[in-house]
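# Dropping the sequence and predicted coords here.
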Amino acid sequence: MLKLYDHPLSGNCYKVRLALSQLGVEYEKEYLDIFKGDQHARDYQSLNPNRKIPVLIDEGFHMWESNAILLYLGRKYSPNRLYPEDLRGFGAMAQWLFFGKTSVDPNLAVARYFTKFLGPADRDEKRLNELRTQGNGVLKVMDDHLERNDFLAGSYSIADIACYPYVNLAPEGGIELSPYPSVILWCDRIRSQPGYISMED
Ligand SMILES: N[C@@H](CCC(=O)N[C@@H](CS)C(=O)NCC(=O)O)C(=O)O
């Protein structure tokens, strides 16, 4: 059975849990307390030398980087559903997966981290304001695209699963979604997909 090294508050782990649920794949969770530093244990470093979660283990094969894990799961379990195999569908999916990792997560996830997990004394308010400004720019790009498209890469795919967690959690970072109605409708569409689970499930 697959094993996922996981933490309930991690958006990067949640995107993997969401994909596994929507693909109908059974797995076991291994809780890693990243707030206590479990990711720095020597045993864990042999799984992920970058010392972060998630890590997925599939019968002796282990891998890290959440979007890479989504690609692996999508290709393994769901050809032509969450993982478009036609070249243009694949290109569009890859585009939004990279956008997720280079634009969504570095701004929306980090603004959430600063706001939710760092005390005011540890927080760089200037940096947080920059993240919020850039995060709004990211949401505007998505909103413009989603005004004309139901999903990021044509049909529902792991690109949506990759971007959804930190977009949906943006208000926890002080970035409101109300100026982005098409993003809100996209979040609703994701929540109505078969096998959807919330972050708390
Ligand atoms: N690019 C990585 C980022 C993973 C990441 O930042 N994970 C966080 C939790 S969401 C973590 O493990 N933080 C602990 C740490 O940085 O020490 C991915 O997408 O998997």
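That came through fine.

# So for the residue of the chain most remote from its centre, what's the pLDDT?
Here the chain reaches farthest from its C-alpha mean at residue 121, the gap being 28.0 Å by Cα atoms, centre = their mean. pLDDT recorded at residue 121 is 89.

# cool, and the one 10 residues further on?
You'll see residue 131 listed with a pLDDT of 98.

# nearest spatial neighbour of it, skipping sequence neighbours?
In space, and not counting its chain neighbours, residue 131 is closest to residue 111: 4.1 Å by Cβ to Cβ, 6 or more residues apart in numbering. Any C-beta I mention is one placed from the backbone N, CA and C, and that applies to glycine too.

# now do residue 56
Residue nearest to residue 56 in three dimensions, not counting chain neighbours: residue 69, with 4.8 Å by Cβ to Cβ, 6+ apart.

# related to what we said a few turns ago, contact partners for the residue nearest to residue 131?
Contact analysis of residue 111 by Cβ atoms under 8 Å, 6 or more residues apart in numbering lists 128, 131-132, 135, 170, 173-175.

# just to revisit the earlier point, contacts only, for the residue nearest to residue 56.
Per Cβ under 8 Å, 6+ apart, neighbours of residue 69: 16, 19, 54, 56, 63.

# Tell me, how many residues neighbour residue 128?
The local packing of residue 128 (other Cβ atoms under 10 Å) involves 18 other residues.

# Please list all residues in contact with it.
111, 114-115, 174.
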